[in-house]
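**Q** make a model of this:
(chains A, B, C and D)
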2 protein chains.
Amino acid sequence: MSERRYHHGNLRAALVDAGLDLTRDGGAAALGLREATRRVGVSPNAAYRHFSDRRALLGAVARRVQELMAERMAVPAPTSSDDDAQQARAQLHAVGMGYIEFALAEPGWFAVAFFPSPGDQPDDDEGTGTDPADAPPFRMLVQALDALVAAGALEADARQGAEWPCWSAVHGFADLAIHGPLRGLPTEQLRALADRTVSAIIAGLGG
Amino acid sequence: MSERRYHHGNLRAALVDAGLDLTRDGGAAALGLREATRRVGVSPNAAYRHFSDRRALLGAVARRVQELMAERMAVPAPTSSDDDAQQARAQLHAVGMGYIEFALAEPGWFAVAFFPSPGDQPDDDEGTGTDPADAPPFRMLVQALDALVAAGALEADARQGAEWPCWSAVHGFADLAIHGPLRGLPTEQLRALADRTVSAIIAGLGG
DNA sequence: ACTGCTATGTTGACACTGTAGACAATGCAC
DNA sequence: GTGCATTGTCTACAGTGTCAACATAGCAGT
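**A** All right, here's what the predicted structure looks like:
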């Protein structure tokens, strides 16, 4: 098992795993090329065979985090209630709360998941790799909003672009709660504020 | 003028100014201790006479940016309309849009202004210096919300903690628009989405 | 089965960063 | 003027990302 072969076998995956470890506490800044390779037991430059850049590795880690996030945001199985509209609203609410709760539970990962500010803007679009608009958590939001329309709880006019107010609210709240003035508040209180925020943005969508 | 005296005279201020220059494009990552001192024409370690740390300098820059932000968010002078409630709502709306517009106009500065993720959390509260809750832009938000209550446009119950949904929405939108999937959208479209976001969160406050 | 190519990992080096400690110049208080 | 606290410099160290040249391993084709 621990025979050190010259070829690692699956370095790329191993580096991403190391990246997950490092970013979990410490966020993006904690992911160093040298540190990651050190953990895997490989020379620093080996990483360059799999990633063009430190930022490329970070991007790969980010995509994995997005998947983890979507898994944790599992929807609470639509209880067979009669009120479709109410249920759709509840689902959207759950998606929002799931987003925030993941952020609170894994602040380091969350800081990496979407658009890491540490490096400057990625120069070009395809720099980090994937379009953030098809990040799994985002798709969940889209789905929930569509369901809201289908249930008649949201006008078709108001549907257009509704993703952004929603995402804005939960994303902003997460940032405030992790790095901002809300940091350190007791979980219960935090959850109450999150609930208020999510409820408010959903309620305000109609107008 | 350009006589190089041994003592710079006002190094601290000069370093902060250099920091403003550096962060303006490039955000927090662009503020290097060595680079800043180089610009001022002073040895790297001179900075340590005025700041304990690179992060301390960054904090000083952040506070200056917050002031700049508040200046740019100048309220549009309450037009003497008869409808108090409508006017209060408009003021709150203007504060939110001002926040976002500053962020869009000065993305580098905005990234530094509040809670720079680059470094990890500041270890202790008083690390960066001031409580983010009395950042000038935040005070403007508080004021606008109070005015809303005074005008009868917001129940006293709903007033409590209303800062956070509001701040969350605009802050999140700014992040999405700068680093996120909204990046690069034409200004006009961006402004429309911002408007929608701000309107939504205000409309949703009552519930 | 041997040969050669390509993918993968290593070594050494460079320029850069933040930070620490010992030293030098300055300007203010007496 | 003298002495001292403030402010800036120099040297040095550990750490980083990245590049170029080299070494090894495994696979393809004869």
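**Q** which residues of chain A lie near DNA strand D?
**A** Contact residues (Cβ under 7 Å from any atom of the strand) of chain A with DNA strand D: A:5-7, A:32-35, A:44-45, A:48, A:53-55. (C-beta placed from N, C-alpha, C; glycine too.)
**Q** would you turn those into a markdown table with pLDDT?
**A** Below are those laid out as a markdown table (pLDDT from 0 to 100):
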| residue | pLDDT |
| --- | --- |
| A:5 | 72 |
| A:6 | 61 |
| A:7 | 69 |
| A:32 | 96 |
| A:33 | 97 |
| A:34 | 98 |
| A:35 | 97 |
| A:44 | 97 |
| A:45 | 97 |
| A:48 | 97 |
| A:53 | 92 |
| A:54 | 96 |
| A:55 | 95 |
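**Q** cross these against helices and list the overlap.
**A** Judged by DSSP state H, those include A:33-35, A:54-55 as members of helices.
**Q** tell me the buried residues within the residues you listed.
**A** Buried residues within those, defined by neighbour count using 16 or more other Cβ atoms under 10 Å in any protein chain shown: A:33, A:54-55.
**Q** which among the residues of chain A next to DNA strand D gets closest to DNA strand C?
**A** The closest of the residues of chain A next to DNA strand D to DNA strand C turns out to be residue A:45 (Cβ to the nearest atom of the strand; 3.5 Å).
**Q** and the ones in helices among the residues of chain A next to DNA strand D, which is closest to chain B?
**A** For chain B, the nearest member of these is residue A:55. The distance, counting by Cβ to the nearest Cβ, is 11.3 Å.
**Q** low-confidence ranges, chain A, go.
**A** Across chain A, the stretches falling below the confidence threshold (pLDDT under 70) are A:1-4, A:6-7, A:75-82, A:116-133, A:207.
**Q** and the longest helix belonging to chain A, what's buried?
**A** Counting residues, the longest helix found in chain A (DSSP H) is helix A:84-105. For helix A:84-105, the neighbour count (16+ other Cβ under 10 Å) marks A:87-104 as buried.
**Q** got the contact list for it?
**A** Residues external to helix A:84-105 that are found in contact with it (Cβ atoms under 8 Å, 6 or more residues apart in numbering or on different chains): A:69, A:72-76, A:78-79, A:81, A:109-110, A:137, A:140-141, A:144-145, A:147-148, A:150-153, A:166, A:169-171, A:173-174, A:177-178, A:187, A:190-191, A:194-195, A:197-199, A:201-202.
**Q** with stretch A:36-52 instead?
**A** Defining contact as Cβ under 8 Å, 6+ apart, one finds that stretch A:36-52 is touched by A:4, A:8, A:11-12, A:14-15, A:18-19, A:21-22, A:33-34, A:57, A:60.
**Q** okay, how far is it across stretch A:32-51, tip to tip?
**A** Stretch A:32-51 has its terminal residues 13 Å apart, counting by Cα to Cα, to the nearest Å.
**Q** and it, how far from the chain's centre?
**A** Centroid separation between stretch A:32-51 and its chain, computed with Cα atoms, centre = their mean, to the nearest Å, is 25 Å.
**Q** buried ones in stretch A:161-175?
**A** Buried positions in stretch A:161-175, judged by neighbour count with 16+ other Cβ under 10 Å: A:162-175.
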